[in-house]
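Enquirer: A structural model of the following input is requested.
(2 chains)
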Amino acid sequence: MRTTLGILALGSCLFIQPAVAAEAVNVYSSRGEALIKPVLDKFTAASGIEVNLITGKSKALMQRMTAEGRNSPADLLLTVDAGNLVAAQQAGLFQSAGSDVLDERIPANLRDPDRHWYGLSQRARVMIYNSEAVDPSTLNSYESLVEPEWKNRICVRSSSNIYNQSLLASIISHSDIATGEAWAKGVRENMARKPQGNDRAQIAAVAAGECDVAIVNSYYLGIMLNGDDADQLKAAQAVTLFYPNQDNRGTHVNISGAGVSKHAPNKDNAIALLEFLASDESQQWYAENNNEYPAVADVPMSETVASWGQFKADDIAVVKFGELNAEAVRTFDRAGWE
Amino acid sequence: MTKDYGGRTRKASGSAWLWSAAAVLMAAVILTPILTILYFVVSPSEGNFQHLVDTVLPIYVLNSLLLMAGVAIGTTLLGVSTAWLTTLFDFPGRRVFEWAQLLPLAMPAYIIAYSYTGLLEFAGPVQSSLRDSMQWSHGDYWFPPVRSLGGAVAMLSLVLYPYVFLLARAAFINQSVCMLEASRTLGCAGWRMFFRVALPLARPAIIAGLALVMMETLADFGTVEYFGVQTFTTGIFRTWFGLYDTAGAARLAGILMVFVLTLLALERVSRKQAKYHFTTERVTPLKAGKLLGWRGWLATAVCALPILLGFVVPAMQLGGLALGNWRKSLDAEFLALMANSVSLALTAAIVILVPALLLALAQRNSRSKFIKILIRLCASGYAIPGTVVAIGVLIPLGAIDNSIDLWAEETFGIRTGLLLSGTLFALIFAYSVRFLTAALNTVESGLQKIKPSVDEAARTLGCSESQVLRRIYLPVVRGSVLTAILIVFVDVLKELPATLVLRPFNFNTLAVRTYELASDERLAEAALPALTIVACGLIPVMLLSRAIKRSRPGSSLT
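Expert: Numbers count the residues shown, from 1 in each chain, chains lettered A, B, ... in the order given. Alright, predicted model coming up:
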């Protein structure tokens, strides 16, 4: 029993909680630590404000903020996809808190008109194809993927993923629910395999020849091309990127973004962090390291992204994706897209 | 050997009401998160539930049932055969296999799933080299898809069968001496002895092991999500987080709870049907029959295969990846992760003993049906997915914190803020709800070794209740307590979803890091933390193995 007590004491000693510094900002982030920590460290170095971080699934963090209520320590919720940002806003987790600097730097279609949240980077949901198996002139739009010529040739991830939900929401928003459902059904029927893995896995599958075309977020390809994993590099080099819907509304574009929490104890620091994330320096870091498109105009793209050329983006307000999110999930369920 | 029909004739001890009161109090705490979830089951929903029933619910039910059936068959075959062979026979490598069967226990299901996907997927090394050597391309050949229901059954069976092995082995050892010897003497040997004597006698133990396995299977999220298999857990996540429909998700969780309660009832009934105690403590170990020639090697193969597939192959694959990446992964932060994981798991394992011991003793000392059912309900947390438990912990703790804060502000003009939410308390509370089952079952089966007549004899001889507790119960359950600590330690170390949601600021664990990297398909970087979880999990497995080697009939293992 004495050893047990000893172990217990030892165990408790190891829990030394980091004291929360006087000048701090608390961030709940659904972006992984590896993706966000370096920028946050730069912020601390520049401002002297400590950053406390929790990462987790977006909706789980939202549940946590809801339960913590007015005592929530969260100052900033950082997440991907407008669908998540709008859901957080609808759950009453954000406050209207921004600044003129932010309003000026972030384009109007990438932020909430009432300053509840701001987009901080953009990503395009593109197609990639295996040039040995696909003649690029046969590629056209998301809608064209339901044609019989693509039978057993498409790879795409699960409909539980919000990127697919927002893509379907945009299709519904440009047409109607029935059209969206027919599209989801058509793509499901043409899939080479059951939906699985993330966008990297789709790229690997196209490279290996398991399927000929896949729908993925652009930065995955960029990260694989610039990473130091030899297998992933080889896979990424074996595929080619295609911007769909250039003849009509443009390629589907989504954002990552953040909003100040309703009960933020360090509201000013949160806004300072937002402004830092919108600064040229951070925007460029994001563009270079994560291969996303900067949210701020005139910040250069990474070399890799620039090499894919200019494209026409669908300029629909990203708020729509959030408003139609639940409708999109139900539509996927009816269409049988797992 | 006598058969005891549920101890119906026992008299309630004088302080039964004290045990009952303590049990009710403890149960109230443990059940709060579960009741919070169930509350949403009866609260009005926005109509998504009908949509779920019309579209995906039948798929969830079917897949969950198929998964459970597959894993039940898989773990029984692997667990019972290896337990039988290592207990009753002598063959090459038997001594090693006795303890090595526990190795897969150190391998979390989601990690073995990452590993085999890396090896066996279309773009992986196995299929690629097949294609290269045979000049095949896509569609020229058939290869079983890893990411499938069948794949999930295989992964879960490979890492969960040690539960069945452990309990079946303990049962076989206890039988060996009198029953099996008698059976052999009477001319009932070999396969007949196995099916007619050993298996029926071991059934309660096997079913108890299977109940643990089934609950792990129902609660699994990492594997089925990664494989894209639609089950209850993935459905709950999708409804909760995709449709943002708490009530709909909770209703699904409610249906899942029905599955769990059925399982628990099954386990109880099977335990009640047959409780076996020895009439004598003087036992001699059974002489293991020697398997000669090909029979011996066949036994070696049967015992080696699950260890190879469930531990050696994935560990080597991860080891190879980790070796190529260690420069990038091994830094000061990594050591901090390790310290966090180990100390958290250790603390949780010891804390959980309190409710486990209290409820196990109350169960033994109370005659009330109500108390017994209450305790069973407390033990249902094992099958509830981690995220569901997490939400069940978040909501009441947040409510308590905010009411205290409000009250303090109105009364004293000070704000207390969050006292419990976002602290390690919340996390350990969630672990207690989730892993009490494992600790409770272990302590209980330890207590079952004490025949009810021993209590009675002690009381007759003038021992007080506390003396019985101190001088009889504690020495006997000490082994079980150690086992309980070990099992919970490994479980907490592997735990992912609740940790993800509930952990305090800047507090990361190995499991969280592994998941973040692996779900981003960066398996090479995830390999080192994954392998470390496995290695940490090995320590208790080793200790448990040592206990197994020493275990003799009548001693207290599990």
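Enquirer: please enumerate the strands of chain B.
Expert: Listed in chain order, the strands of chain B (DSSP state E) span B:2-3, B:89-90, B:276-277, B:289-290.
Enquirer: least reliable of those going by mean pLDDT?
Expert: Comparing mean pLDDT across these, the weakest is strand B:2-3, with a mean of 42.
Enquirer: just to check, B:Ala250 is in contact with B:Phe40?
Expert: Yes - B:Ala250 sits in contact with B:Phe40 when judged by C-beta atoms under 8 Å, with a separation of 3.2 Å. For every residue, glycine as well, the C-beta is placed using N, CA and C.
Enquirer: the two - which one has more neighbours?
Expert: More neighbours surround B:Ala250 than the other of B:Ala250 and B:Phe40, with 26 against 21 (other C-beta atoms under 10 Å in any protein chain shown).
Enquirer: tell me, how many residues neighbour residue 113?
Expert: Looking at chain A here, since you left the chain open. 10.
Enquirer: hm, I was asking about chain B
Expert: B:Ala113: 27 surrounding residues under other C-beta under 10 Å.
Enquirer: look up how far B:Leu66 lies from it.
Expert: Here the distance between B:Ala113 and B:Leu66 works out to 17 Å (C-beta to C-beta, to the nearest Å).
Enquirer: mind listing what the residue in the stretch 1-150 of chain B positioned nearest to chain A touches?
Expert: For the stretch 1-150 of chain B, the nearest residue to chain A under the criterion C-beta to the nearest C-beta is B:Ala123, separated by 3.7 Å. B:Ala123 sits next to A:Ala204, A:Ala205, A:Ala207, A:Ala208, A:Glu210, A:Ala235 when contact means C-beta atoms under 8 Å, 6 or more residues apart in numbering or on different chains.
Enquirer: do the same with A:Ala201
Expert: Neighbouring residues of A:Ala201 by C-beta under 8 Å, 6+ apart: A:Arg157, B:Glu521.
Enquirer: secondary structure class for it?
Expert: With DSSP: H, G, I helix; E, B strand; the rest coil as the basis, the three-state label of A:Ala201 is helix.
Enquirer: flag every buried residue along stretch A:258-272.
Expert: Buried positions in stretch A:258-272, judged by neighbour count with 16 or more other C-beta atoms under 10 Å in any protein chain shown: A:258-267, A:269-272.
Enquirer: any chance of TSV for those, columns secondary structure and pLDDT?
Expert: Conversion of the buried residues of stretch A:258-272 to TSV gives the following (DSSP: H, G, I helix; E, B strand; the rest coil; pLDDT from 0 to 100):
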residue	secondary structure	pLDDT
A:Ala258	strand	96
A:Gly259	strand	96
A:Val260	strand	96
A:Ser261	strand	96
A:Lys262	coil	95
A:His263	coil	93
A:Ala264	coil	94
A:Pro265	coil	94
A:Asn266	coil	94
A:Lys267	helix	94
A:Asn269	helix	95
A:Ala270	helix	96
A:Ile271	helix	95
A:Ala272	helix	95
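Enquirer: count the neighbours of residue 145 for me.
Expert: By default, I'm working from chain A. By the other C-beta under 10 Å criterion, the neighbourhood of A:Leu145 contains 22 residues.
Enquirer: not quite, go with chain B.
Expert: That count, for B:Pro145 with other C-beta under 10 Å as the rule, works out to 16.
Enquirer: and what of A:Ile54?
Expert: Look at A:Ile54: counted by other C-beta under 10 Å, it has 24 neighbours.
Enquirer: which strand or helix spans it?
Expert: Per DSSP states H and E, A:Ile54 falls inside strand A:50-55.
Enquirer: quick check: buried residues in that strand?
Expert: Going by neighbour count (16+ other C-beta under 10 Å), the buried part of strand A:50-55 is A:Glu50, A:Val51, A:Asn52, A:Leu53, A:Ile54, A:Thr55.
Enquirer: which one among those gets closest to A:Thr251?
Expert: A:Thr55 (28.8 Å; C-beta to C-beta).
Enquirer: domain ranges for the chain?
Expert: In the absence of a named chain, chain A is used. The record assigns chain A these domain ranges, following automatic domain parsing: A:23-122+A:254-299, A:123-252+A:313-335.
Enquirer: ah, no, chain B please
Expert: Chain B breaks down into these structural domains: B:68-324, B:354-479 (assignment by automatic domain parsing).
Enquirer: from the chain's centre, how far out does the last one sit?
Expert: Right, the one you point to is domain B:354-479. Between the mean C-alpha point of domain B:354-479 and the mean C-alpha point of its chain there is a distance of 17 Å (C-alpha atoms, centre = their mean, to the nearest Å).
Enquirer: likewise stretch B:225-237?
Expert: Taking C-alpha atoms, centre = their mean, one finds the center of stretch B:225-237 at 19 Å from the center of the full chain.
Enquirer: can you check stretch B:39-56 too?
Expert: Mean C-alpha position of stretch B:39-56 versus that of the full chain (C-alpha atoms, centre = their mean) differs by 30 Å.
Enquirer: quick check: mean pLDDT of it?
Expert: For stretch B:39-56, the per-residue pLDDT values average out at 74.
Enquirer: could you do stretch A:297-307 as well?
Expert: Model confidence over stretch A:297-307, given as mean pLDDT, is 90.
Enquirer: list the helices and strands the helix or strand containing A:Gly322 packs on?
Expert: Taking DSSP H and E as the definition, one finds A:Gly322 inside helix A:319-323. Taking 3 or more C-beta pairs under 8 Å, 6 or more residues apart in numbering or on different chains; DSSP states H and E as the contact definition, the neighbouring helices and strands of helix A:319-323 are helix A:82-90, helix A:162-174.
Enquirer: so which of the ones you listed is nearest A:Gln196?
Expert: When the helices and strands packed on helix A:319-323 are ranked by proximity to A:Gln196 (C-beta to C-beta), helix A:162-174 comes first, at 12.8 Å.
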